[in-house]
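>>> Predicted model, plus sequence, below.
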Amino acid sequence: MNALHLSGPAASRAREGRTAVFFGGVVPASAEEEALAEDIGRTLAQAGYSLLHGGYNGLMEAAARGAGGQGATVTAVTLLGKHDEWGAFNRHATISVHLPDLGARLNYYLEHADLIVAMGGGVGTLHELTAALYYATTIRPVPVFVTGPTALRLLAFLREEKWLFETPTRSLGFLSAIESPDAFRTRLATIDTAPIGGA
């Protein structure tokens, strides 16, 4: 039995173009971070990215609102059997993917990512961010943008305490600390624009 379930009117277009994965919590640390997430979603859509996210509220919904407002495909990824417990997807999701476990969910995010954007959140967002950092150092150097005051403080802590450090065999060149919306736009314009699988 195939555990992957895709639904939505745009499902056939799910892998067209480039995909940005957005990790962010359901309880924004501030109104400013929520506004930043919406701006990021809008900027990603304007740059030609579709958005892949958890599908629920908070920063995820803000990013989806920004991307969806520009006509981008917005994919919600959840777990089979948890969707009823976790609640309805935000209204900006145009496609849904239902997977059997957390490992499959994380793998789906990472394997489809042309870019990962991480903001603050709870332990779930922390799990997603650390998985992305490990993936980018060991599997494929997908660009990871960390932004927003909460996530930037976490990144500084990880570096200071040597949880995250560069070695000759594990480059951190994929990782960008983004301080502002303008810096986000500038950095986005400089990354490789080829989607997964080639130009």
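Happy to help now that I have it. Given the structure is predicted, the values throughout are model-derived calculations rather than measurements. Numbers count the residues shown, from 1 in each chain.
>>> Just say helix, strand or coil for R65.
With DSSP: H, G, I helix; E, B strand; the rest coil as the basis, R65 sits in helix.
>>> Just give me the neighbour total for G103.
By the criterion of other Cβ atoms under 10 Å, G103 has 10 neighbours. Bear in mind the C-beta positions are built from the backbone N, C-alpha and C, glycine included.
>>> Now it: which helix or strand?
According to DSSP states H and E, G103 maps onto helix 102-112.
>>> What is that helix packed up against?
strand 18-23, strand 74-79, strand 95-99, helix 123-138 (3 or more Cβ pairs under 8 Å, 6 or more residues apart in numbering; DSSP states H and E).
>>> For the most centrally placed residue in the chain, report the pLDDT, please.
For the chain, F22 is the residue whose C-alpha lies nearest the centre (Cα atoms, centre = their mean; 1.8 Å). We have a pLDDT of 97 for F22.
>>> okay, the helices and strands packed on helix 102-112 in CSV with distance to G48 next?
Formatted as CSV, the helices and strands packed on helix 102-112 follow (distance: least, Cβ to Cβ, whole Å):
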stretch, distance to G48
strand 18-23, 6
strand 74-79, 14
strand 95-99, 17
helix 123-138, 21
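>>> tell me the most buried of those?
Scoring those by mean neighbour count under mean count of other Cβ atoms under 10 Å gives strand 18-23 as the most buried, with a mean of 26.
>>> got the buried residues for the next helix or strand after that one?
The helix or strand immediately downstream of strand 18-23 is helix 31-46, counting by DSSP H and E. Buried residues in helix 31-46, defined by neighbour count with 16 or more other Cβ atoms under 10 Å: E33, E34, L36, A37, E38, D39, I40, G41, R42, T43, L44, A45.
>>> how about V21, what does it touch?
L52, H53, Y109, L110, H112, A113, L115, I116, V117, A132 (Cβ atoms under 8 Å, 6 or more residues apart in numbering).
>>> bridging residues for it?
L52, I116 (DSSP bridges).
>>> so how far is E34 from the nearest residue to L115 once chain neighbours are set aside?
Excluding the flanking residues, the one nearest L115 by Cβ to Cβ, 6 or more residues apart in numbering is A20, at 4.6 Å. Between A20 and E34 the computed distance is 18 Å (Cβ to Cβ, to the nearest Å).
>>> if we can go back for a sec, contact partners for the residue nearest to L115?
So A20 contacts L44, Y49, S50, L51, L52, A113, D114, L115, I116, V117 (Cβ under 8 Å, 6+ apart).
>>> Which PyMOL command selects the buried ones in those?
The buried residues among the contacts of A20 can be selected in PyMOL (16+ other Cβ under 10 Å) with this line:
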select buried, resi 44+49+50+51+52+113+114+115+116+117
